[in-house]
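Chemist: just to be clear, the model below is a prediction. Sequence and coordinates:
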Amino acid sequence: MFKQEEQLTFGPRGHFLNHLQCFSPDDEWVVYDTRNDDTQIQQTSSIEMVNTATKEIRVLYQVSQPNAHGPGVGAATFSPVADQVIFIHGIRNSNADRPYAFTRRTGVSIQLAQPGEPIFMDARNIYPPFTPGALRGGTHAHSWSGDGKWIVFTYNDEIIAQLAKTNPDRKDLRTVGVMFPKPVPVGAEATGENNSGEMFTVLVAEVTENPMPGSDQIDRAFDETWVGKTGYQKTDGTWQKRAIAFQGNVRTLAGKLQTEVFMVDLPDEDTLTVARDPDWPLAGTESQLPGIPKGVVQRRISFTPDGLSGPRFWLRSTPDGKWIAFLAKDQQGIINIFAISPNGGPIKQLTFNREPISGQFNFSSDGKIIAYVAGGKIHLTETESGMTQQIEQNHLPGEEPTGAVVWANRRNDLIYNRYIHEGNDKYLQVFILKGKDK
């Protein structure tokens, strides 16, 4: 099915792939940041891409004055329709007193035709009066919708994080939001904390500090995914154009923390610019998160005995929107992939491995095959039959595939990371398995 593995990047530094949307729309380029492990964003200063044919490397963005405390860049993803990437960018004034943090980052975009010229996507304003359409903290894990017009992200709020330092009843609760094209101007100020943005940004997941045991309230929303390239079909036969699924932490009646799958159907742009509750503004207040927009209703779709489990990895949807896939333990206690309809209902087991899945998984462009790493090897599982093929690769200990295995948009190519030893050190490099000609 694949030609021999090829190494695309070389040299004594990291080449860190995001967990999805790494290929350019034409599949000619792969984007990455220069971390050597997942914890180093604040010390990472460049976003690059490598050509899958020639192995040419181009620098897309370089932080002008990096320091040990930030600002930091990472987690780059390609638009599915345009020559444009988005990535995490720490707040530009980062220093020892104001280092890179969950609440101090934003989404910055680069157009390939204009490398080095940052486009700030989400607006930020941490000083009252706050700005509708801007947030007050940090966005990350940016993922493009199928049409490349909207972006979903995970969020932590700086205002609530500061409040939590003096009020033990308040917590900085991770949540989920979306942005769509509508510029949001934010006035200039001297600290460098604020910025205008090209997108209107709102939170769409509702979190609470103390979820009622046995309820569907959650204290954390995370690891989100778009549902389908063009949405999904509801039980009444109508089509929901845009929706996201995410993981949420609930409390059982016994008080146990448990992770389940939640859904949010998204209304059109005009509705999202109006607050659902007039007493809870979109911009938030000095004691409240930004408000939830009108027309946004959160619902739980999974009710499992023990919750999702395994490493922290994002949900995935099939391209047709029929299934939302997640990791959980099977009856033998092994982490495998399961799926549920966005309408809820019975859960279907997709993989039946005897070794636990250890990295993020991705569906092929037609939704027929899932690629992932288990036992240090790449596996391909057919979604309908459950038949699994293990790609035989002989690697030195510590140089096995790690993290996500990502499909090309149109080709049957796969990319992934492997550490390669150089002397006493090792560095993440990008590898590709090119699909054989039909």
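Modeler: Everything's here; your move.

Chemist: got a list of what the closest residue to P66 other than its chain neighbours touches?
Modeler: Nearest non-adjacent residue to P66, counting by C-beta to C-beta, 6 or more residues apart in numbering: S45, 4.1 Å away. Heads up, the C-betas are built off the backbone N, CA and C, glycines and all. Contact analysis of S45 by C-beta atoms under 8 Å, 6 or more residues apart in numbering lists T34, Q62, V63, P66, G72, V73.

Chemist: tell me which other helices or strands the helix or strand hosting P183 touches.
Modeler: Using DSSP states H and E, the secondary-structure element containing P183 is strand 175-184. On a contact count with 3 or more C-beta pairs under 8 Å, 6 or more residues apart in numbering; DSSP states H and E, strand 175-184 meets strand 151-157, strand 197-203, strand 221-226, strand 243-251, helix 269-272.

Chemist: nearest to I41, out of the ones you listed?
Modeler: strand 151-157 (13.7 Å; C-beta to C-beta).

Chemist: could you check the angle that closest one makes with strand 197-203?
Modeler: Here strand 151-157 points in a direction 70 degrees away from that of strand 197-203 (axes from the mean of the first three to the mean of the last three C-alpha atoms, to 10 degrees).

Chemist: what's the angle between strand 151-157 and strand 175-184?
Modeler: Angle between the axes of strand 151-157 and strand 175-184 is 110 degrees (criterion: the same axes, to 10 degrees).

Chemist: the helix or strand following strand 151-157 packs against which elements?
Modeler: Tracing the chain C-terminally past strand 151-157 and defining elements by DSSP H and E, one meets helix 158-164 next. Contacting helix 158-164 under the criterion 3+ C-beta pairs under 8 Å, 6+ apart are the following elements: strand 137-144.

Chemist: direction included, what does the strand it packs on pair up with?
Modeler: Strand 137-144 has the following sheet partners, assigned by DSSP bridges: strand 151-157 (antiparallel).

Chemist: between the strand it pairs with and strand 221-226, how many degrees?
Modeler: 170 degrees.

Chemist: can I get strand 151-157 in CSV? Just the C-alpha atoms.
Modeler: The C-alpha coordinates for strand 151-157 follow below in CSV (Å, rounded to 0.1, in the frame of the first residue of the first chain):
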residue,chain,number,x,y,z
ILE,A,151,-11.7,27.9,13.4
VAL,A,152,-12.4,26.1,16.6
PHE,A,153,-10.0,26.3,19.6
THR,A,154,-9.5,25.6,23.2
TYR,A,155,-9.4,28.5,25.7
ASN,A,156,-8.3,29.6,29.1
ASP,A,157,-9.3,33.0,30.5
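
Chemist: redo the helices and strands packed on strand 175-184 as TSV? Include mean neighbour count.
Modeler: Formatted as TSV, the helices and strands packed on strand 175-184 follow (neighbours: other C-beta atoms under 10 Å):
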stretch	mean neighbour count
strand 151-157	24
strand 197-203	23
strand 221-226	24
strand 243-251	24
helix 269-272	16
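
Chemist: no further queries at this time; thank you.
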